[in-house]
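Trainee: From the sequence below, what's the structure:
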Amino acid sequence: MPCRNLDGALGLVQLRAFRLLHHASSAIYLELTDTTTLPMPVDRLAALLQFYADDPSDGFTRFALASEYLKRGDTAQALAFFEGLVRDDPEYVGTYYHLGKLYQKLDRTPEAITTYQNGIQIAQAKRDLHARAELQDALMQAQGIGFDDDDDFD
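Mentor: Model (predicted):
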């Protein structure tokens, strides 16, 4: 029987693929799923919540849950997951950028600035130059430093 919800099935397969990549350094495993037997439609949030129930300390799952809640407009849940991840897994450097942006969206600029600064320190310690550059750019924007998009250089 062909899968009637290809987008949903691919979404779950992508989640499993990301989890596989995320866990590849600690254990190699492969979980094959017959996408024709998946429930229709696949709810990404439900799948992520199941992953979270299986391993609540998994930083990737917590980050994905925060992102999914944010995508759905549930800023309170997104904030709770991002803040919890920074508190419990401060080395998960990608969280700082997204938490800072969420703080800015919520008009909590001082907290955004502090979050960016903390993230820059972590990125520097991990020698993650890409993350550091993104965080520095976000910090300058939050502080109102840098180039305005309205400037003419004619």
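Trainee: pull the helix or strand with minimum mean pLDDT from the protein.
Mentor: Ranked by mean pLDDT, DSSP states H and E, the weakest helix or strand in the chain is helix 6-23, scoring a mean of 47.
Trainee: what's downstream of it, the next helix or strand?
Mentor: Next helix or strand after helix 6-23 toward the C-terminus (DSSP states H and E): helix 44-54.
Trainee: Just the CA coordinates for that next one, please, in PDB.
Mentor: The C-alpha coordinates for helix 44-54 follow below in PDB (Å, rounded to 0.1, in the frame of the first residue of the first chain):
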ATOM      1  CA  ARG A  44       6.100  15.800  14.300                       C
ATOM      2  CA  LEU A  45       5.400  17.100  17.800                       C
ATOM      3  CA  ALA A  46       4.000  13.700  18.900                       C
ATOM      4  CA  ALA A  47       7.100  11.900  17.500                       C
ATOM      5  CA  LEU A  48       9.400  14.400  19.200                       C
ATOM      6  CA  LEU A  49       7.600  14.000  22.500                       C
ATOM      7  CA  GLN A  50       8.000  10.200  22.200                       C
ATOM      8  CA  PHE A  51      11.700  10.700  21.600                       C
ATOM      9  CA  TYR A  52      11.800  13.000  24.600                       C
ATOM     10  CA  ALA A  53      10.000  10.500  26.800                       C
ATOM     11  CA  ASP A  54      12.600   7.800  25.700                       C
END
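Trainee: quick one: average confidence on that helix?
Mentor: Taken as a whole, helix 44-54 has a mean pLDDT of 96.
Trainee: any weak-confidence spans in the protein?
Mentor: For the chain, applying pLDDT under 70 flags the ranges 1-42, 147-154.
Trainee: Residues in contact with stretch 118-137: which ones?
Mentor: 86, 90-91, 93-97, 100, 116, 139, 146 (CB atoms under 8 Å, 6 or more residues apart in numbering). (Each C-beta comes from the backbone N, C-alpha and C, glycine too.)
Trainee: Could you check which helix or strand contains Pro56?
Mentor: Here Pro56 is assigned to no helix or strand, by DSSP H and E.
Trainee: Any figure for the gap between the nearest residue to it once chain neighbours are set aside and Arg108?
Mentor: Excluding the flanking residues, the one nearest Pro56 by CB to CB, 6 or more residues apart in numbering is Arg62, at 7.8 Å. Between Arg62 and Arg108 the distance, using CB to CB, to the nearest Å, works out to 20 Å.
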